[in-house]
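J.: based on what follows, work out the 3D shape:
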Amino acid sequence: MATQSLILTSIEVIDAALKGAADVDPIYLTTAEKAAALRLLTSEVDRLQELRLRVLASADDVAEEHGARSTGVWLAHETGNWAAEGRRHDRVAAALEAHPDVRRAVADGQVSLAQAQVVCTAVDAIPAEPGAEIAQRAEGHLIGLCDDYGPKELRRLAEHILEVVAPEIAEAEEQRRIEALESSAQEATRLTMREQGDGTTRISALIPSTTAAVFSAQLEAFTSPRRLRDGFDEATGKRLPHARQLGEAFCELIETRRPGNLPHHGGATVAVVATIDHASLIAGVGTATLTSGERLSVGAVRRLACKSGVLPAVLGGKSEVLDLGRRRRLFTMAQHRALAIRDRGCRAEGCDIPAAWTEAHHKDPWSTGGKTDLADGVLLCSRHHHVIHDPRYGHTWLANGRVSFHRRT
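T.: Residues are numbered from 1 along each chain as shown. Got it, this is the predicted structure:
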């Protein structure tokens, strides 16, 4: 029988068998039968996956016929799955095609698909310099370990496979591997913040694992069981989900970090300024406004002022001296904060750079008699601060307090 016919015939047999079991209620199986069924089904699913991936790896002509980017993407569309999942299947199929011994181990039910991916990844990470013989020995050794170790433990063992199959080069290659991982992690580091419009902000981050370990240890200090009051909802007395505990620990970690240990922005230490009326602060009723434009309660201002870098700028109460006239050339830290409250960011027309990234500029240059006071000060980002001093550009102060620029002819 032709190979193609044999594959299709086998699939039809499996399909018929599954249809026969479709209406059978597993509740009537004994405990031992349920356990056996679960083990066999899991193994058979992996073997079916191997067959599917084997066909996928040889089906470039299918993608070509349908004008698809890849066969996996085409298949995802045909079966109603995610395109990203299709691309992942393309990669797994290619990996198994490159490692026939691993593929056969999956087909025989000896190795799970998850274990196979660990083995392929580990063997592919072995440098070409030592030779194919070492990679082959590593692959065989790791396949043998699959009888006793799951994917998680297998990955840890795979990280040290050279110590077993090639100890003479293991130390040098381990150093190279770690340095490459650190460099790759640094390049991949990302963090995004997106306001949700409901009083929350979604933070998504990808950071090096070494940094994450430090971060995790810091969060654990706030979620320790020894802090008996924490971890429970005071209203219901029920334990909070662990993700909620970590989220609150993250907030507490940020709020208790002193700004004096952070870099300076625009000549001032990092600080969030909350503008609030003196009467509201005393009465405990009302709201405050952050330099970012966000609103918060008086209670939140009081709490944050006690333990974090939030500075209350009280209107009508005692304050620092802000207008220094000709006594100083550079704007003081207090003036930067006051300008941040007033300007909220760069005042160049169309610019949305926040106040923390700006620099204070004299509208009337100090060198020609300008004063270092609020009336003569304005916040500009680094680019627009350079432009306003560039003789190739002219500028106009607008009625709304912003400045527009134009190229001189």
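J.: show me the shaky parts of the stretch 301-409 of the chain.
T.: Across the stretch 301-409 of the chain, the ranges flagged by pLDDT under 70 are 301-329, 366-369.
J.: and the helices in it?
T.: 333-343, 382-388 (DSSP state H, counting those that start in this stretch).
J.: between the ones you listed, which one is nearest to Trp74?
T.: Trp74 sits nearest to helix 382-388 of all the helices of the stretch 301-409 of the chain, at 46.8 Å, using CB to CB. Bear in mind the C-beta positions are built from the backbone N, C-alpha and C, glycine included.
J.: what is the closest one packed up against?
T.: strand 358-362, strand 393-397, strand 403-407 (3 or more CB pairs under 8 Å, 6 or more residues apart in numbering; DSSP states H and E).
J.: contacts for the last one, please.
T.: Contacts to strand 403-407, defined as CB atoms under 8 Å, 6 or more residues apart in numbering, come from residues 347-349, 378, 380, 384, 387-388, 392-398.
J.: cool, and the second one?
T.: Outside strand 393-397, the residues that touch it by CB under 8 Å, 6+ apart are 363, 387-388, 403-408.
J.: and for the first one?
T.: The set of residues that contact strand 358-362 without belonging to it, under CB under 8 Å, 6+ apart, is 266-267, 330-331, 335-336, 339-340, 343, 345-346, 370-372, 376-382, 385, 388.
J.: what about the closest residue to Lys363 other than its chain neighbours, how many neighbours?
T.: Among residues not flanking Lys363 along the chain, Asp376 sits closest, at 5.2 Å (CB to CB, 6 or more residues apart in numbering). Asp376 has 18 neighbouring residues, counting by other CB atoms under 10 Å.
J.: ok, now Ala188?
T.: Counted by other CB under 10 Å, the residues lying close to Ala188 total 10.
J.: contacting residues around the residue lying closest to it once chain neighbours are set aside?
T.: Distance criterion CB to CB, 6+ apart; nearest residue to Ala188, sequence neighbours excluded, is Leu206 at 5.8 Å. Contact analysis of Leu206 by CB under 8 Å, 6+ apart lists 188-191.
J.: mind checking what helix or strand follows whichever helix in the chain runs longest in sequence?
T.: Longest helix of the chain, by residue count under DSSP state H: helix 31-57. Scanning forward in sequence from helix 31-57 by DSSP states H and E, the next helix or strand is helix 60-66.
J.: doesn't Arg155 make contact with Val119?
T.: No. Counting by CB atoms under 8 Å, Val119 sits too far from Arg155 to count as a contact (9.7 Å).
J.: between the two, who's got more neighbours?
T.: Val119 (29 against 17).
J.: residues touching that one, list them.
T.: Contacts of Val119 by CB under 8 Å, 6+ apart are 99, 102, 111, 139, 142-143, 146, 154, 158.
J.: can you give me the helices for the stretch 1-150 of the chain?
T.: Under DSSP H, counting those that start in this stretch, the stretch 1-150 of the chain gives helices at 3-21, 31-57, 60-66, 71-79, 83-98, 100-107, 113-124, 132-145.
J.: who's in contact with stretch 13-33?
T.: Outside stretch 13-33, the residues within contact range by CB under 8 Å, 6+ apart are 34, 37, 48.
J.: gap between the residue most central in space within the chain and His336?
T.: Centroid-nearest residue in the chain: Ala205, 2.1 Å away (criterion: CA atoms, centre = their mean). Counting by CB to CB, to the nearest Å, the gap from Ala205 to His336 is 28 Å.
J.: pLDDT averaged over the longest helix of the chain - what is it?
T.: The pLDDT scores in helix 31-57 average 92.
J.: and it, how far out from the chain middle?
T.: Mean-position distance between helix 31-57 and its chain equals 34 Å (CA atoms, centre = their mean, to the nearest Å).
J.: from Ser5, how far off is Ala16?
T.: Distance, Ala16 to Ser5, by CB to CB: 16 Å.
J.: and Ala166, how many neighbours?
T.: Other residues within reach of Ala166, judged by other CB under 10 Å, total 18.
J.: which residues are contacting stretch 163-177?
T.: By CB under 8 Å, 6+ apart, stretch 163-177 touches 125-127, 130, 134, 137-138, 141, 160, 162.
J.: correct me, but Thr340 touches Leu379?
T.: For residue 340 the amino acid is Ala, not Thr. Yes. Counting by CB under 8 Å, Ala340 does reach Leu379; the two are 6.9 Å apart.
J.: which neighbours do these two share?
T.: Jointly contacting Ala340 and Leu379 under the rule CB under 8 Å, 6+ apart are 355, 358.
J.: quick one, phi/psi of Thr287?
T.: Here is the backbone geometry of Thr287 (degrees, to the nearest 10): phi -130, psi 170.
J.: my guess is Cys351 contacts Val387. True?
T.: No. Applying CB under 8 Å, one finds Cys351 not in contact with Val387, separated by 10.3 Å.
J.: tell me the most buried of the helices and strands packed on helix 382-388?
T.: Each of these was assessed for mean neighbour count using mean count of other CB atoms under 10 Å. The highest is strand 358-362, with a mean of 22.
J.: are any of the contacts of strand 358-362 buried, and if so which?
T.: Burial by neighbour count, judged by 16 or more other CB atoms under 10 Å, picks out 266, 331, 335-336, 339-340, 343, 345-346, 370-372, 376-381, 385, 388 from the contacts of strand 358-362.
J.: would you map the strands across the stretch 251-400 of the chain?
T.: 264-265, 268-269, 272-277, 287-290, 295-297, 310-315, 358-362, 377-381, 393-397 (DSSP state E, counting those that start in this stretch).
J.: and the fifth one, what does it pack onto?
T.: In terms of contacts (3+ CB pairs under 8 Å, 6+ apart), strand 295-297 is packed against strand 287-290.
J.: so for the strand it packs on, what's the average pLDDT?
T.: Strand 287-290 comes out at a mean pLDDT of 74.
J.: mind listing what's buried along it?
T.: Buried residues in strand 287-290, counted by 16+ other CB under 10 Å: 288-290.
J.: any idea which of the residues you listed is closest to Trp82?
T.: Closest to Trp82, out of all of the buried residues of strand 287-290 and judged by CB to CB, is Leu290, at 39.4 Å.
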